[in-house]
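J.: sequence and predicted model, in that order:
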Amino acid sequence: MSSPAVARTESAPPSKPVQRLGDRIFSGSTLTAGALILATLAAVAAFLVLQSVPALTENPEDISIFTSGETFWTYVWPLIFGTLWASALALVMAVPVAIGIALFISHYAPRRLAQGLGYVVDLLAAVPSVVFGLWGANTLAPLVQPFYLWLTENLGWIPLFAPPASGTGRTILTAAVVLAVMILPIITALSREVFLQTPVLHEEAALALGATRWEMIRMTVLPFGRAGVVSAAMLGLGRALGETMAVAMVLSSSGIISFALLTSSNPSTIAANIALSFPEAYGLNVNVLIATGLMLFAITLAVNAIARYIINRRKEFSGAN
Amino acid sequence: MAQTETAPLQRSGPASGSGQGSKPGTGSGAMPNVYASGRLGKSVPWIVLGASLLVSIAIFALVQVASGGGFNVAGAVVLTGVLNGVAIYLTALLVEGGRQAKDRLVTTLVSSAFIIALAPLVSLFITVLSRGTARFDVQLFTESMRNVVGEGGGALHAIVGTLIMTGIAALISVPIGLLTSIYLVEYGRGALARAITFFVDVMTGIPSIVAGLFAYALFAIFFGPGIRLGIAGAVALSVLMIPVVVRSSEEMLRLVPNELREAAFALGVPKWLTILKVVLPTSIAGITTGVMLAIARVIGETAPLLVAAGFTANMNYNPFDGRMQSLPVFVYSSYVSQGTDAQAYLDRAWAAALTLILIVMALNLIARLVARAFSPKLGR
């Protein structure tokens, strides 16, 4: 800080602007806050890894949560499968509906209604996940159970609908429906933003050539918004992977690997398994559960990274970020 | 003068039907309107919809009579949708041709997508309202669950716990988040700012239960395994809340026009005072909205609190000592561990769910009102 005095006496243009004390305190505190975020994230990773290590290094015979002969990897693999399977089902159901809603709000609904309809869909995002779980287990599952029964009786030859149907309706398909409802607002909101950013000139040009509204959408809106919709779906997938309570409350799981949608023996998901087992866990079991949480963290991180990569690659074309 | 005479003549011409071939199709019944011919009228889609509704109601009424079961409302609605789609496609195909028919089919599909999304929303609100009001009474807000086995008891301990933990989480997250966003917008250049932006994105994607595990692991190192504290729940919530605050505040700060900053600099105002007195007041409405939405998001979080703060039936005002109940965890634990009188536990769960939804809705509403009332008028 000796330079300002020197600079003034030499009457040359000062090479650096004057640094006041308030400035330095303020910029220092903002920098600290930013660095704190990095530190927090590093701490999250470090603590999770630290607490996970015993689950992998200790003798599996000493860990009571494992059945005999089980290791960490055979324990976590069905959970990973269940997580991916439930999220994929949810995504398959949610994406077409979300694209439909986004198109409805951006291109079909009357202008005056459009914003209000957008708020209505956003209301879904405001409902806490535990309420979705309560609704799914108490209202949705009994409602769809007769339908499941009908499916297994009439379409049971398809492996997905293999009998016997669950008597409670609390199957992985029900859980996936609840997950789909929960990720619907995210995908809708992002897709709507992208669709609204389609250049109006493109749309008008298509209409001027005699295209119907659907042809206009297929020729201009969908190609323009494709990357945005893909990344929105990936972000929705990230949310579905980590969703805990809805699955924990709706699904009655037995920790097996099975593609059957309607039976009473379903694979569990990582997050739901942690929520169900953690309150009673002790000793090394806690480390095992934290290690499964680390796996979940890694999977969601990868999915979100892919989504961000797609958004950034198409940044100049779409407004999804 | 000639024009004033010819005008009434021309107007009366088509009506008289005399040979005025130079003026085709000006509203006469004899001449078809070229713009309306070959197109379905505006009311046709609605008529088709009504007809398919009637048909499907008739079918399901017959089924009801035949099988003796109740009237299947969901089935009738689904059949109406399918019938409507098929009917409008065929009608348009016959009258307007294939391209228009496809257009009308897509319109129907897109509209029904919206209705499909509304169905769970409406069902959820109706269920929560009808089942939650059974125990939505004074007792719910004045009593805890201490020594309650069957009926009675309340969620006061859970409401207090939620307020304490969310409050602490907001106290941690808002300063850190706001300062970070100021750093990113006003100071941050180069690698560090890029790294922070990237890792805030990463943080947004942390599953909520992983945040809970982190808080547990952190406190287990200092207090030994099996620890459950209110403050641990608050830390878990702030891990989830910080990135939301950073994102929304950053967006709001970027909206402040550069002219305002330059004007302040030109008057010789130091940078930190410019930020405090010019940038922040301009964007405070948006920042407040973002913070309230972030609170609304974390106040409904269950999993991290279940892991980090545990659950209890007792009142606990001290976040640094012992387990602390919260409203979402109260809903969950009432549902999972139903006692001998299962209905009493379920009623309490629904009433607490209703309370939770009301709180979240109120926060959302206030946030939107704040945004509308106090946003600066930038002349756009």
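T.: Arrived safely. Residues are numbered from 1 along each chain as shown, chains lettered A, B, ... in the order given.
J.: now the helices for the stretch 51-200 of chain B?
T.: Assigned helices in the stretch 51-200 of chain B, in chain order: B:73-95, B:98-132, B:138-142, B:156-182, B:190-204 (criterion: DSSP state H, counting those that start in this stretch).
J.: just how off-centre is the third one within its chain?
T.: Right, helix B:138-142. Relative to its chain's centre, helix B:138-142 lies at 28 Å (C-alpha atoms, centre = their mean, to the nearest Å).
J.: distance of B:Met145 from B:Tyr317?
T.: With the distance defined as C-beta to C-beta, to the nearest Å, B:Met145 ends up 16 Å from B:Tyr317. (Each C-beta comes from the backbone N, C-alpha and C, glycine too.)
J.: on that earlier part again, mean neighbour count, mean pLDDT and distance to chain A for the helices of the stretch 51-200 of chain B - can I get that in TSV?
T.: As requested, the helices of the stretch 51-200 of chain B are exported to TSV (neighbours: other C-beta atoms under 10 Å in any protein chain shown; pLDDT from 0 to 100; distance: least, C-beta to the nearest C-beta, whole Å):
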stretch	mean neighbour count	mean pLDDT	distance to chain A
helix B:73-95	17	83	7
helix B:98-132	18	88	3
helix B:138-142	14	84	16
helix B:156-182	22	93	3
helix B:190-204	16	87	5
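J.: Serialize those helices to JSON lines and add fields for distance to B:Leu306.
T.: Shown next, in JSON lines, are the helices of the stretch 51-200 of chain B (distance: least, C-beta to C-beta, whole Å):
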{"stretch": "helix B:73-95", "distance to B:Leu306": "33"}
{"stretch": "helix B:98-132", "distance to B:Leu306": "21"}
{"stretch": "helix B:138-142", "distance to B:Leu306": "21"}
{"stretch": "helix B:156-182", "distance to B:Leu306": "12"}
{"stretch": "helix B:190-204", "distance to B:Leu306": "21"}
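J.: how about the residues of the stretch 51-200 of chain A near chain B?
T.: A:51, A:96-97, A:99-101, A:103-105, A:108-109, A:117, A:120-121, A:123-124, A:126-135, A:137-140, A:143, A:181, A:184, A:188 (C-beta under 8 Å from any C-beta of the partner chain).
J.: return the alpha-carbon coordinates of stretch B:88-106 using PDB.
T.: Only the C-alpha atoms of stretch B:88-106 are listed here, as PDB (Å, rounded to 0.1, in the frame of the first residue of the first chain):
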ATOM      1  CA  ILE B  88     -62.100 -35.100 -34.400                       C
ATOM      2  CA  TYR B  89     -59.500 -36.800 -36.500                       C
ATOM      3  CA  LEU B  90     -62.000 -38.600 -38.700                       C
ATOM      4  CA  THR B  91     -64.300 -35.500 -39.000                       C
ATOM      5  CA  ALA B  92     -61.400 -33.300 -40.000                       C
ATOM      6  CA  LEU B  93     -60.100 -36.000 -42.300                       C
ATOM      7  CA  LEU B  94     -63.400 -36.100 -44.200                       C
ATOM      8  CA  VAL B  95     -64.000 -32.400 -44.400                       C
ATOM      9  CA  GLU B  96     -60.600 -30.700 -44.300                       C
ATOM     10  CA  GLY B  97     -58.000 -33.300 -45.500                       C
ATOM     11  CA  GLY B  98     -55.100 -35.100 -43.900                       C
ATOM     12  CA  ARG B  99     -52.900 -32.200 -42.800                       C
ATOM     13  CA  GLN B 100     -55.700 -30.300 -41.000                       C
ATOM     14  CA  ALA B 101     -56.800 -33.500 -39.400                       C
ATOM     15  CA  LYS B 102     -53.300 -34.100 -38.000                       C
ATOM     16  CA  ASP B 103     -53.200 -30.600 -36.700                       C
ATOM     17  CA  ARG B 104     -56.500 -31.000 -34.900                       C
ATOM     18  CA  LEU B 105     -55.400 -34.300 -33.500                       C
ATOM     19  CA  VAL B 106     -52.300 -32.700 -32.100                       C
END
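J.: might one say that B:Ser334 is in contact with B:Tyr345?
T.: Yes - the pair B:Ser334 and B:Tyr345 passes the contact test of C-beta atoms under 8 Å, sitting 4.8 Å apart.
J.: what's the overlap in contacts for the two?
T.: Contact criterion C-beta atoms under 8 Å, 6 or more residues apart in numbering or on different chains; no residue bridges B:Ser334 and B:Tyr345 by contacting each.
J.: more neighbours: which of the two?
T.: Looking at B:Ser334 and B:Tyr345 with other C-beta atoms under 10 Å in any protein chain shown, you find the greater number of neighbours at B:Ser334, namely 26 against 20.
J.: that older thread, can you say which of the helices of the stretch 51-200 of chain B is nearest to A:Arg170?
T.: helix B:98-132 (16.3 Å; C-beta to C-beta).
J.: other SSEs contacting the closest one?
T.: In this structure, helix B:98-132 packs against helix A:72-103, helix A:111-126, helix A:129-135, helix A:172-196, helix A:213-216, helix B:73-95, helix B:342-374, with contacts taken as 3 or more C-beta pairs under 8 Å, 6 or more residues apart in numbering or on different chains; DSSP states H and E.
J.: most packed of the ones you listed?
T.: Ranked by mean neighbour count, these are led by helix A:129-135 with a mean of 28 (mean count of other C-beta atoms under 10 Å in any protein chain shown).
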